[in-house]
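*Asks:* missing the sequence, but the structure's below:
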């Protein structure tokens, strides 16, 4: 089987079904194997998840961006989610053992084409960032379209590709390469939400906890439990086993037991292999030791 | 992607390269995707591992058996490994989420064809056994070819397919369906081999330990460690996490720490998913939550 890349473009349309369908169809017809389309009316935003062979992935993302540029006008766009472009964010994500370098390269090829073919200025973020302060998407997108229109001429807001001028209706696009996020929750056998909030604060990166962990504490009132709800933004640095054991220990210090944990949605095979390496101290375990991987990758 | 089955036929030839090659080639040319061929001269035995779509798998195994029947004469065969057939053992093994039922069905189709097309009597073992006492391969094959020639007319030795008479040169074949074996070792930080031997005895099924676990204790003298070396014969019953934690606890009771563990060769994705379910208490985690599985299985 040829190597694949995953691409998860976000477009600023979550209400008009015809536009949502046209964007997804354009990606599909250009060779993207669409795994998922999520549209959210409140956010007025859609997220397409597709895989494709690396070269085709750029074509497929371009096809989606062309429709979005044609059909979405940010001057008349309202929604709760911060956004700066009709094609707002386009991350390329490693699939199976595709190296991150390849994704960075694809992001740069796609960014070049966005400007050349659609006249949309581009900011590189994540592993594709060309300035360290642009690694964080939130920082690149701060203030959104309206703010960017006003400040794009500021020296620190210059696009990485294209001149310091937004596309009149389609704004600008953040193009990046990143590892897949993992959404992971740990439920604790207590009704005291403060326990979950305290542990969330303790383990999250922003308050000096584990790197690449975002965490919040919630009550699961109907179940008589509380939950530490997390995003693991780089499982290569902090994976499921590490946060699970840190939370279990912190809970025990408070006299509370773990009820269960929950992996939300999909995780990459490499992350699953990593959990096994950590949990049973098997540092040499490799993805190719998964029987099915060996067969699927050979086809 | 069409569903696949794994098949691991064992043939009684480990010395004549031309015969070994002819058997593997016949399997390959009939549509088997050969993953591995192991031939052992001392055992005078070869093991082919291949995958194929279920119908093709029967054809491919038949093609190998036809060559083996033609080229191997058990009346002139010597080797250390117990054997009763030129085509000695043919297990069908689930691949990815192929149900075990399908493997049992394939075993029965293959067994019927072995008798009809090659006149080889067949014993069903493992999950394909038609008598409970034939579930264990060792019991079916006891005494090997020479013993079977003498005793095949005994009421309890009657084949499941074919009359009570061995094929003159090719003997009889054990055909089965089974879950993949997992070879798994845990190394302990001590030089006292008795610790490994004691723990192996404690956890193995045959002395009342964990079901579906075979275990032995060894010294790893050059590394200053000892090892509990295991075969997990049904990971659906006893998986890696359960034996790892049982050994860790038994070692701690003796004041010994685990150094590391080692998964030898491949494990099925379902077993890897099972380790994660156990280790981080995530009972709902499923194979389809592995991103790559979702894509590969859809192709």
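*Replies:* Looks like it came in fine. Just so it is clear, the model here is predicted, and its values are computed rather than measured.
*Asks:* The residue lying farthest from the centre of chain A in helix, strand or coil?
*Replies:* No residue in chain A has its C-alpha farther from the mean C-alpha position than residue A:255, which lies at 35.2 Å (Cα atoms, centre = their mean). Here residue A:255 is recorded as coil under DSSP: H, G, I helix; E, B strand; the rest coil.
*Asks:* With the one 5 residues further on instead?
*Replies:* Three-state secondary structure (criterion: three-state DSSP) places residue A:260 in strand.
*Asks:* Excluding residues flanking it in the chain, which one is nearest it?
*Replies:* Of all residues not flanking residue A:260 in the chain, residue B:281 sits nearest, at 4.8 Å (Cβ to Cβ, 6 or more residues apart in numbering or on different chains). (Glycine included, C-beta is placed from N, CA and C.)
*Asks:* Confirm that that neighbour sits in a strand.
*Replies:* No: assignment of residue B:281 by three-state DSSP gives coil, placing it outside any strand.
*Asks:* Next, find the distance separating residue A:7 from chain B.
*Replies:* For residue A:7, the distance to chain B equals 13 Å [Cβ to the nearest Cβ, to the nearest Å].
*Asks:* That residue reaches residue A:34, doesn't it?
*Replies:* No: checked against Cβ atoms under 8 Å, the pair residue A:7 and residue A:34 is beyond contact range at 10.2 Å.
*Asks:* Neighbour count for those two, which is higher?
*Replies:* Neighbours were counted for residue A:7 and for residue A:34 using other Cβ atoms under 10 Å in any protein chain shown; residue A:7 has more, 28 against 16.
*Asks:* Please name the residues that touch the more buried one.
*Replies:* By Cβ atoms under 8 Å, 6 or more residues apart in numbering or on different chains, residue A:7 lies in contact with A:32, A:49-52, A:57, A:60-61, A:90-93.
*Asks:* ok, the residues you listed vs chain B, which is closest?
*Replies:* residue A:51 (5.4 Å; Cβ to the nearest Cβ).
*Asks:* shouldn't that closest one be in contact with residue A:32?
*Replies:* Yes: counting by Cβ under 8 Å, residue A:51 touches residue A:32, with 7.4 Å between them.
*Asks:* shared neighbours of those two, which are they?
*Replies:* Common neighbours of residue A:51 and residue A:32, using Cβ under 8 Å, 6+ apart, are A:7, A:57.
*Asks:* Could you report the pLDDT at the residue nearest to residue A:260?
*Replies:* Looking at residue B:281, its pLDDT stands at 97.
*Asks:* Next: residue A:292.
*Replies:* For residue A:292, the model assigns a pLDDT of 91.
*Asks:* Secondary structure element for it, which one?
*Replies:* Per DSSP states H and E, residue A:292 falls inside helix A:291-298.
*Asks:* Can you pull the phi/psi pair for the closest residue to chain B within the stretch 101-250 of chain A?
*Replies:* Here the stretch 101-250 of chain A gets closest to chain B at one residue, residue A:244, 4.5 Å apart by Cβ to the nearest Cβ. Main-chain dihedrals, residue A:244, degrees, to the nearest 10: phi -60, psi -50.
*Asks:* Count the residues that sit near the closest residue to it other than its chain neighbours.
*Replies:* Closest residue to residue A:244 apart from its sequence neighbours, by Cβ to Cβ, 6+ apart: residue B:280 at 4.5 Å. By the measure other Cβ under 10 Å, the count of residues near residue B:280 is 25.
*Asks:* ok, residue B:280 to residue A:260 distance?
*Replies:* Here the criterion is Cβ to Cβ, to the nearest Å. By it, residue B:280 lies 9 Å from residue A:260.
*Asks:* Then residue A:166?
*Replies:* Residue A:166 is 47 Å from residue A:260, where distance means Cβ to Cβ.
*Asks:* quick one: which of the two has more around it?
*Replies:* The residue with more neighbours, out of residue A:166 and residue A:260, is residue A:166; 21 against 16, by other Cβ under 10 Å.
*Asks:* ok, that one - contacts?
*Replies:* When contacts are counted by Cβ under 8 Å, 6+ apart, residue A:166 is found next to A:121, A:145, A:148-149, A:152, A:172.
*Asks:* Tell me which of those fall in helices.
*Replies:* When these are checked against helices (DSSP state H), the matches are A:145, A:148-149.
*Asks:* Which members of these are classed as buried?
*Replies:* A:145, A:148-149 (16 or more other Cβ atoms under 10 Å in any protein chain shown).
*Asks:* Let me know the angle separating the helix holding residue A:292 from helix B:291-298.
*Replies:* Calculated by axes from the mean of the first three to the mean of the last three Cα atoms, to 10 degrees, helix A:291-298 forms an angle of 60 degrees with helix B:291-298.
*Asks:* Could you list every helix and strand in contact with helix A:291-298?
*Replies:* strand B:33-40, helix B:269-279, helix B:291-298 (3 or more Cβ pairs under 8 Å, 6 or more residues apart in numbering or on different chains; DSSP states H and E).
*Asks:* Can you list the buried residues in stretch A:53-66?
*Replies:* Buried residues in stretch A:53-66, defined by neighbour count with 16+ other Cβ under 10 Å: A:53-54, A:56-66.
*Asks:* Redo the residues you listed as TSV? Include secondary structure, pLDDT and distance to chain B.
*Replies:* Output for these, formatted as TSV (DSSP: H, G, I helix; E, B strand; the rest coil; pLDDT from 0 to 100; distance: Cβ to the nearest Cβ, whole Å):
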residue	secondary structure	pLDDT	distance to chain B
A:53	coil	96	12
A:54	helix	95	14
A:56	helix	96	14
A:57	helix	98	13
A:58	helix	98	18
A:59	helix	98	18
A:60	helix	98	15
A:61	helix	98	17
A:62	helix	98	21
A:63	helix	98	20
A:64	helix	98	19
A:65	helix	98	23
A:66	helix	98	25
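*Asks:* Write out the residues of the stretch 151-299 of chain A neighbouring chain B.
*Replies:* Proximity of the stretch 151-299 of chain A to chain B (Cβ under 8 Å from any Cβ of the partner chain) is limited to residues A:180, A:240-241, A:244, A:258-263, A:265-269, A:272-273, A:275-276, A:279-285, A:289-296, A:298-299.
*Asks:* The stretch 1-150 of chain A now?
*Replies:* A:1, A:4, A:6, A:33, A:35, A:51, A:95-96.
*Asks:* For the residue nearest to residue A:244, grab phi and psi.
*Replies:* Phi and psi for residue B:280, reported as degrees, to the nearest 10, are phi -110, psi 20.
*Asks:* Also the one 5 residues further on?
*Replies:* Dihedral pair for residue B:285: phi -60, psi 140, per degrees, to the nearest 10.
*Asks:* and the nearest residue to residue A:42 once chain neighbours are set aside, how many neighbours does it have?
*Replies:* In this structure, residue A:42 finds its nearest non-sequential neighbour in residue A:80, 5.6 Å apart by Cβ to Cβ, 6+ apart. When neighbours are defined as other Cβ under 10 Å, residue A:80 has 11 of them.
*Asks:* Provide the secondary structure category for the closest residue to residue A:294 other than its chain neighbours.
*Replies:* Counting by Cβ to Cβ, 6+ apart, residue A:294 lies nearest to residue A:288, which is 5.8 Å off, once chain neighbours are set aside. The three-state assignment at residue A:288 reads helix, by three-state DSSP.
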